[in-house]
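S.K.: fold the following for me, if possible:
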Amino acid sequence: MTGPNDDAVWVARCLNGDSTAFETLVRRYQQVLFTVALRLMGNVEDARDVTQNAFVRAYLKLGTYDPSRKFFSWLYRIALNEGLNARRDRRQHEPLEATFEAKAGRDPVERGETSSQVQAALMVLTREYREVIVMRYFGEMSYEEIAEVIGIPEKTVKSRLFSARQRLGEILKDRSVRS
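M.R.: Next up is the predicted model:
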């Protein structure tokens with residue numbers, strides 16, 4: 001079982017020259033960061049790159065981490081910025097419509113189809129809406145953690161999440177009508 005300051009202990013060990021201490025943090029957060037990056041980026045290769053780049057950047061900036069805050073929130077913000085930068089730099093969007101249409105002939109109740117539809121719909125959302133949906137449902141973050149990472153009030157997180165869910169529902173409904 002890990003305690004609330006456990007991550008800060010590992011960071012301190014790393015900063016004090018224990019070169020293996022960061023591996024513990026990577027193992028602890030690699031899967032959740034990858035899952036979030038996958039939902040943000042839309043494909044496995046880009047998600048791997050974003051996850052790896054986030055850990056490299058975090059390692060290089062460990063000295064800026066404030067141990068009075070949650071390490072995961074700090075790390076998540078780095079990963080989110082990496083993902084947004086990668087999307088901006090890529091300048092070309094994934095052919096999500098083609099992915100969606102290729103599977104449209106299959107039974108829409110299938111798990112894979114539902115996942116594909118949700119992923120495609122997520123990519124249509126604005127960055128602000130996609131962020132809160134990904135953090136809440138794929139990163140399993142609390143409203144408080146989301147507010148801390150994004151730097152907005154918790155009430156705004158709740159409002160944005162409500163609007164994002166409504167918009168996501170509209171997109172999914174519209175796409176199911178067209179298919």
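S.K.: now do the strands in this protein.
M.R.: With DSSP state E as the criterion, the chain has no strands.
S.K.: what distance separates the biggest helix by length in the chain from the centre of its chain?
M.R.: Longest helix in the chain, counting residues (DSSP state H): helix 154-178. With Cα atoms, centre = their mean, to the nearest Å as the basis, helix 154-178 stands 17 Å off its chain's centre.
S.K.: residues of it that come out buried?
M.R.: 157, 160-161, 164, 167-168, 171-172, 175 (16 or more other Cβ atoms under 10 Å). From N, CA and C alone the C-beta is placed, and that goes for glycine too.
S.K.: again, but for stretch 36-48
M.R.: In stretch 36-48, the ones that count as buried by 16+ other Cβ under 10 Å are 36-42, 46-47.
S.K.: could I get those in JSON lines, plus columns for pLDDT?
M.R.: As requested, these are exported to JSON lines (pLDDT from 0 to 100):
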{"residue": "V36", "pLDDT": "86"}
{"residue": "A37", "pLDDT": "89"}
{"residue": "L38", "pLDDT": "87"}
{"residue": "R39", "pLDDT": "83"}
{"residue": "L40", "pLDDT": "83"}
{"residue": "M41", "pLDDT": "84"}
{"residue": "G42", "pLDDT": "81"}
{"residue": "D46", "pLDDT": "90"}
{"residue": "A47", "pLDDT": "91"}
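S.K.: just curious, which of those residues is nearest to K70?
M.R.: Proximity of those to K70 was ranked by Cβ to Cβ; the top entry is V36 with 15.2 Å.
S.K.: any idea how far the closest one is from I146?
M.R.: Between V36 and I146 the distance is 12 Å, computed by Cβ to Cβ, to the nearest Å.
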